[in-house]
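Student: Based on what follows, work out the 3D shape:
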Amino acid sequence: MTVTLLSYSASSFLSSAHAAGSSDAIALMEKQIHAMQAQLNVMKQKQAAENRRIRAELARQRELIEADPYTPRARLLGQTKAGSYGGSARPYSKNDDVFGLADNPILTPSRTASTPYGELTAIPPAHPDLYSPLRRGQLQVGGIRLTLGGYLEAAGVWRSRNSAADIASAYNGIPWHNQPASHMSEFHQTERQSRLALLAEGMLTRKLEADAYVETDFQGSGSSSNSRQSNSYVLRARVVYGELKDREDGWYVLGGQSWSLITLFNKGMLARDEQTPLVIEAQYVPGFNWTRNSQFRVVKTFGKEERYAAGLSIENPSAVPAGVSPCSNAANHCTTTDRLTGTNVNNPSTYYTTDPAPDLIAKIAADPGWGHYELTGVMRFFRDRTSTLGEGTNHTRIAGGGGGGMVLPLIDKKLYFQASGLVGTGLGRYGTTNMPDYTYGRNGAVTPLPEANLLVGLYGNPLKNLKLYSYAGAETVLSRRSFDEDGAHYGYGNRGFDMRGCFTELATNCAASGNIRTVAQATGGFWYTAAKGDYGTLLVGGQYSHTHVQAFSGLGGKPKSDADMILMSLRYQPFN
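Tutor: Residues are numbered from 1 along each chain as shown. Prediction:
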């Protein structure tokens, strides 16, 4: 426009100068110069006004994007108010989209694993989309997409009986009535369940996807850790694994530390889709079957929608022995070896059992359209050695069992029911309470214990911002494995074990803690979404539980104990 005006004025001036005399030409020139200056001033004013409008629009769009990075730009830009354009009111048009992003949101809303537990802990989803727009908490580094997760928690716990525990209760450590701690309550505040998570994923080939997932919290404890002055609890490896995914053919291979394949899933059989109880309690609920340990897992899904799946997991073994071996009696002149103290990078304050082979877990799962269903099988291998002077014998036993579970939507998105169970021999390790796996026979050999675990639960969202849950579960040793020899009592649950002091404070004749038969619990609680916005989600939770512990009967009766617990939680999820 400027060039056209100048060209027109110059040609007009030359024509006039050629036609008139020199004095008239000078006068005409001065007149046209003044006219051109006036035109330039008007153009400058218009350009300045347009620049002000563009700067104002840029600032307004930037503010809208920073305030809400998820709403489609067209809707945000359409909120332009009259007066934003140098005082003139006019509707929004595509020309006002200075960034050119009207149809392309910069960030889409965050996603978590499609489980209720994932919503409470901000776990990245099992099936992310590598080609979708970036979401809250995601970064792109070349071909690698990083997803941040986790939460910060301020929690408090009160227990009617003092077990000196933090956010994770020791259910099999609830004190018996002969212990002074049984007659005192406890209260702790803790941040140690706060969790950090990072998922890295990308494509290795056109059809093969790889991901690596790390999840940590602060529930580890070093030799200097204490709660007296400056807390010094340590970061621990909660979940650390790598995974290869061939979605086209339905193959998934996982290696590292993750939830055991024995854990109930919410749907399918993919990592991060586990159906973990919604409790604040870090030790979950008795009857819930799980471990988090090193494993190598292969899962095959079937069908385009992956409604059916089968999997096999080879998992790191660690048995839980208990009871009295005949080789513990000095008169028998023998020794039983079934555990060794940790050395090198292992913990020197605990033991490592002498298992000869990994645990094997197989599972099939179905999601036919209504509900999720599973069948699970477990095989375990135990070994000890009895030794006398100059010789010894290894004893190896195979144990295991099976079970299953289900998750049913009674009222879609409002009320769900879940149930899971496990029965067999040597399965104590896989229950929340960590009941014993085996005891000892007459020759000191491993004797697996018959056991069963059961958990049922109801949970749902009666209101959009309110989640309620309730669970009832139990773990039990189904029968005794014991014997008497030369007037001495051996095995687990022996009727001759002395229980007469279990009801008298400071009495020492109480064998209940080494002969627990059943741990059962009923619990319920809530999670309320107090705030949810552009900078994260704030959750408030509360939980009450009653736990009952009973030992096998012996001399003096059948000891029992119980504990009431109240837990509160304030969680902030910055990336959800």
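
Student: List the buried residues of stretch 396-411.
Tutor: Using 16 or more other CB atoms under 10 Å as the test for burial, stretch 396-411 gives 397, 399-405, 407. Heads up, the C-betas are built off the backbone N, CA and C, glycines and all.

Student: same deal with stretch 30-40?
Tutor: In stretch 30-40, residues buried by neighbour count (16+ other CB under 10 Å) are 32, 36.

Student: Also stretch 147-156?
Tutor: By 16+ other CB under 10 Å, the buried positions in stretch 147-156 come out as 147-151, 153, 155.

Student: Let me have these in TSV, extended by distance to Tyr241.
Tutor: TSV is the format used below for the buried residues of stretch 147-156 (distance: CB to CB, whole Å):
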residue	distance to Tyr241
Thr147	15
Leu148	17
Gly149	15
Gly150	16
Tyr151	20
Glu153	23
Ala155	27
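
Student: of those residues, closest to Ser553?
Tutor: Of all the buried residues of stretch 147-156, Ala155 has the smallest distance to Ser553: 37.5 Å, by CB to CB.

Student: With adjacent residues omitted, what lies nearest to Arg517?
Tutor: Leaving aside its chain neighbours, Arg517 sits nearest to Phe552 (4.8 Å; criterion: CB to CB, 6 or more residues apart in numbering).

Student: again, but for Gly401
Tutor: Gly424 (1.4 Å).

Student: Now do the helix or strand containing that neighbour: which elements does it pack against?
Tutor: In this structure, Gly424 sits in strand 415-425 according to DSSP states H and E. Counting contacts by 3 or more CB pairs under 8 Å, 6 or more residues apart in numbering; DSSP states H and E, strand 415-425 packs against strand 372-388, strand 391-411, strand 450-463.

Student: for the last one, packing partners?
Tutor: Using 3+ CB pairs under 8 Å, 6+ apart as the contact criterion, the neighbours of strand 450-463 among helices and strands are strand 391-411, strand 415-425, strand 466-477.

Student: Nearest to Ala488, out of these?
Tutor: Evaluated over the helices and strands packed on strand 450-463, closeness to Ala488 peaks at strand 391-411, with 20.1 Å, by CB to CB.

Student: returning to that earlier point: including distance to Arg238, could the helices and strands packed on strand 415-425 go into a markdown table?
Tutor: A markdown table is the format used below for the helices and strands packed on strand 415-425 (distance: least, CB to CB, whole Å):
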| stretch | distance to Arg238 |
| --- | --- |
| strand 372-388 | 23 |
| strand 391-411 | 23 |
| strand 450-463 | 21 |
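
Student: Domain-wise, how is the chain divided?
Tutor: 2-96, 116-573 (automatic domain parsing).

Student: Using a markdown table, please lay out these together with mean pLDDT and distance to Pro109.
Tutor: Formatted as a markdown table, the domains of the chain follow (pLDDT from 0 to 100; distance: least, CB to CB, whole Å):
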| stretch | mean pLDDT | distance to Pro109 |
| --- | --- | --- |
| domain 2-96 | 65 | 5 |
| domain 116-573 | 94 | 7 |
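
Student: Out of these, flag the one nearest Thr108.
Tutor: domain 116-573 (5.0 Å).

Student: From the chain's centroid, how far away is the closest one?
Tutor: Centroid separation for domain 116-573 versus its chain: 13 Å, with CA atoms, centre = their mean, to the nearest Å.

Student: ok so, going back, buried stuff in the strand holding Gly424?
Tutor: Across strand 415-425, burial judged by 16+ other CB under 10 Å covers 416-418, 420-422, 424-425.

Student: Equivalent analysis for stretch 423-441, please.
Tutor: For stretch 423-441, the neighbour count (16+ other CB under 10 Å) marks 424-441 as buried.

Student: Take those and keep only those in strands.
Tutor: Among those, the residues falling in strands (DSSP state E) are 424-425, 438-440.

Student: need those residues in CSV with distance to Gly323, can you?
Tutor: As requested, these are exported to CSV (distance: CB to CB, whole Å):
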residue, distance to Gly323
Gly424, 18
Thr425, 14
Tyr438, 8
Thr439, 3
Tyr440, 6
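
Student: Tell me the one of those residues nearest Pro128?
Tutor: Distance to Pro128 across these (CB to CB) is lowest for Gly424, with 36.3 Å.

Student: how about that closest one, what does it touch?
Tutor: 378, 399-403, 450-451 (CB atoms under 8 Å, 6 or more residues apart in numbering).

Student: isn't the residue nearest to Arg517 right next to Lys560, touching?
Tutor: No. Using CB atoms under 8 Å as the test, Phe552 is too far from Lys560 to be in contact (11.0 Å).

Student: Between those two, which has more neighbouring residues?
Tutor: Phe552 (23 against 16; other CB atoms under 10 Å).

Student: before we move on, the earlier item: ok, the buried residues of stretch 396-411 vs Ser221, which is closest?
Tutor: Nearest to Ser221 among the buried residues of stretch 396-411 is Ala399, at 30.8 Å by CB to CB.

Student: Report the contact partners of Thr263.
Tutor: 274-276, 289-290 are the contacts of Thr263 under CB under 8 Å, 6+ apart.

Student: what do you get for Leu455?
Tutor: Contact analysis of Leu455 by CB under 8 Å, 6+ apart lists 277, 285-289, 418-421, 471-473.

Student: Tell me the one of those nearest Val446?
Tutor: Closest to Val446 out of those is Asn289 (21.8 Å), distances taken as CB to CB.

Student: Near that closest one, how many other residues are there?
Tutor: 26.

Student: and the nearest residue to Asn316 once chain neighbours are set aside, what element?
Tutor: In this structure, Asn316 finds its nearest non-sequential neighbour in Ser294, 4.2 Å apart by CB to CB, 6+ apart. Following DSSP H and E, the helix or strand that holds Ser294 is strand 292-302.

Student: Report the buried residues of that strand.
Tutor: Judged by neighbour count using 16+ other CB under 10 Å, the buried positions of strand 292-302 are 292-295, 297-301.

Student: Which residue is the nearest non-sequential neighbour of Ser185?
Tutor: Spatial nearest neighbour of Ser185, excluding adjacent residues (CB to CB, 6+ apart): Ser160 at 5.4 Å.

Student: Was I right to think that neighbour contacts Ser561?
Tutor: No. If you go by CB under 8 Å, Ser160 and Ser561 don't touch, sitting 10.4 Å apart.

Student: Look at these two and report which has more neighbours.
Tutor: For Ser160 versus Ser561, the count of surrounding residues by other CB under 10 Å is larger for Ser561: 21 against 17.

Student: Go ahead and confirm that one touches Ala181.
Tutor: No. Counting by CB under 8 Å, Ser561 sits too far from Ala181 to count as a contact (10.8 Å).

Student: what is in contact with the two at once?
Tutor: With CB under 8 Å, 6+ apart, Ser561 and Ala181 have common neighbours 161, 175.

Student: Going along the chain, name the helices of the stretch 101-250 of the chain.
Tutor: Secondary structure of the stretch 101-250 of the chain (DSSP state H, counting those that start in this stretch): helices at 116-121.

Student: which residues in it form strands?
Tutor: Taking DSSP state E, counting those that start in this stretch, the strands of the stretch 101-250 of the chain run over residues 138-141, 144-159, 186-190, 195-203, 209-220, 234-246.

Student: Packing partners of the fifth one?
Tutor: Yep, that's strand 209-220 we're talking about. Against strand 209-220 (3+ CB pairs under 8 Å, 6+ apart) you get strand 195-203, strand 234-246.

Student: Then the first one?
Tutor: Applying 3+ CB pairs under 8 Å, 6+ apart, one finds that strand 138-141 contacts strand 144-159.

Student: what lines up beside the strand it packs on in the sheet?
Tutor: Strand pairing for strand 144-159, using DSSP bridges, gives strand 138-141 (antiparallel), strand 186-190 (antiparallel), strand 195-203 (antiparallel), strand 560-573 (antiparallel).

Student: Identify the residues contacting the nearest residue to Ala452 once chain neighbours are set aside.
Tutor: Nearest residue to Ala452, sequence neighbours excluded (CB to CB, 6+ apart): Val423, at 4.3 Å. If a contact means CB under 8 Å, 6+ apart, then Val423 has 401-403, 451-453 as its contacts.
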